[in-house]
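S.K.: let me see the structure of the following:
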Amino acid sequence: MATTPDFDDADIPAAARFSRAVADLLSKRQAAGEQFPLAVFLMSDSLAADVRERNTEHVPLLANGNDPIGARIWLAQAQVRNAYALATPLSDAAEAFQMVSTGGLSNRPAIVVDGRAATWHASLYPRGLAFPEMWLRMDLSDGPIAEADLKATIHRFWYQGLRTPDVARQSPIKIWKSAADGWPEQGPEGRLQGRLRDVLFGAYPRRKIRAEVKNEEGRADIFIVGHATAASGVPAQVTDWVLELKALCDKTTNGGNVDETTVRAAVTKGVAQATLYRDTQNGVQAAVCCFDMRSTDEDDEACFAHVKTAAEAREVRLWRWPLFRAADDARMASFASLNQP
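M.R.: Numbers count the residues shown, from 1 in each chain. Predicted coordinates:
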């Protein structure tokens, strides 16, 4: 089984580094042939305090992959180099969630691994099991990412972190200066890029996630690099996806108006950038991800009508998510979608 690529992860959140370290450990345990129904990993920033007065087993070499991991709740730091297992074995997920909650550990970033099928399933809970609805599916493979899978991951990022002003402000990287007025923070695309990059690190821990990649055509927003096998049979790295991000705004950060022509031009530019960046990097797939901050009822078809033909010819995906200015706007949009034929 392929080993985890060498990453420079110094500037990514601890929860994303935790995801990567656990994915590497799971790869080693799969290669060892371990079978188990469930395992839970909790990231601790204060490991000594968290294990104090708890009945635990110290496993200092867990990261080497030689110790069984199944049916246990593990406490470890982000790199999983020094770990402790709670002494009580697990029987099912409900018991695990209850044990974490009653043990006062439900606010620790968590990874729950379901090993009951041949292909293990892992879910990252960046805010801990106290928020069971806030999760990301971790892709434990290192090969090509299917379009539907990547779009679903970005959709979950939008739904959990951007859809309304209330969820958007939970991150320290602010997107809105004044959501009610439609004023974005300065440089909203860069802010969106930083937040999405962090999510992709957690969701795809066995890939390289590169942001602001400089090339002869400019700077690409996000590259996702995975593994493939060359025609000669030699392992190779390949740029699986190129993502170009666009924040569509009708107001500036100071309240000025942005005309529709400027918005349309930004989308057109996004298609051109995604095409060029993919081609110069010998990339496989490309998408323009539009995060629509405008006060508009425009749907995807209307937003992309002027670039649809060009994007299809260049095989560039066009994806859009609206950032609502109030929770009531989001509710009304959801209600309207239910009544569409």
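
S.K.: Gly143 touches His227, doesn't it?
M.R.: Yes - counting by C-beta atoms under 8 Å, Gly143 touches His227, with 6.0 Å between them. Placement of C-beta: from N, CA and C, glycine included.

S.K.: and Lys251, bridged to which residues?
M.R.: Applying DSSP bridges to Lys251 gives these bridge partners: Asn257.

S.K.: revised request: answer the last question for Leu124.
M.R.: Ile111, Leu136.

S.K.: residues contacting it?
M.R.: By C-beta atoms under 8 Å, 6 or more residues apart in numbering, the contact set of Leu124 is Ala15, Ser19, Pro109, Ala110, Ile111, Trp135, Leu136, Arg137, Met138, Gly202, Ala203.

S.K.: any idea how far it is from Pro68?
M.R.: Leu124 is 22 Å from Pro68, where distance means C-beta to C-beta, to the nearest Å.

S.K.: same question for Ala83.
M.R.: In terms of C-beta to C-beta, Ala83 sits 12 Å off from Pro68.

S.K.: the more surrounded of the two?
M.R.: Higher neighbour count among Ala83 and Pro68: Ala83, with 26 against 15, using other C-beta atoms under 10 Å.

S.K.: which residues does that one contact?
M.R.: With C-beta under 8 Å, 6+ apart, Ala83 has these contacts: His58, Val59, Pro60, Leu62, Ala63, Trp74, Leu75, Ala76.

S.K.: hmm, back to that, so Gly143 and His227 - more neighbours on which side?
M.R.: More crowded of Gly143 and His227, by other C-beta under 10 Å: His227, with 18 against 15.

S.K.: part of a helix, is the more buried one?
M.R.: No - counting by DSSP: H, G, I helix; E, B strand; the rest coil, His227 is not found in a helix; it is strand.

S.K.: report pLDDT for it.
M.R.: Predicted confidence (pLDDT) for His227: 76.

S.K.: for it, give its distance to Asn82.
M.R.: From His227 to Asn82 the distance is 29 Å (C-beta to C-beta).

S.K.: count of residues packed around Leu38?
M.R.: 20.

S.K.: which SS class is the most centrally placed residue in the chain?
M.R.: With distances taken as C-alpha atoms, centre = their mean, the residue of the chain nearest its centroid is Val199 (2.6 Å). Look at Val199: counting by three-state DSSP, its state is helix.

S.K.: right, I'll leave it there.
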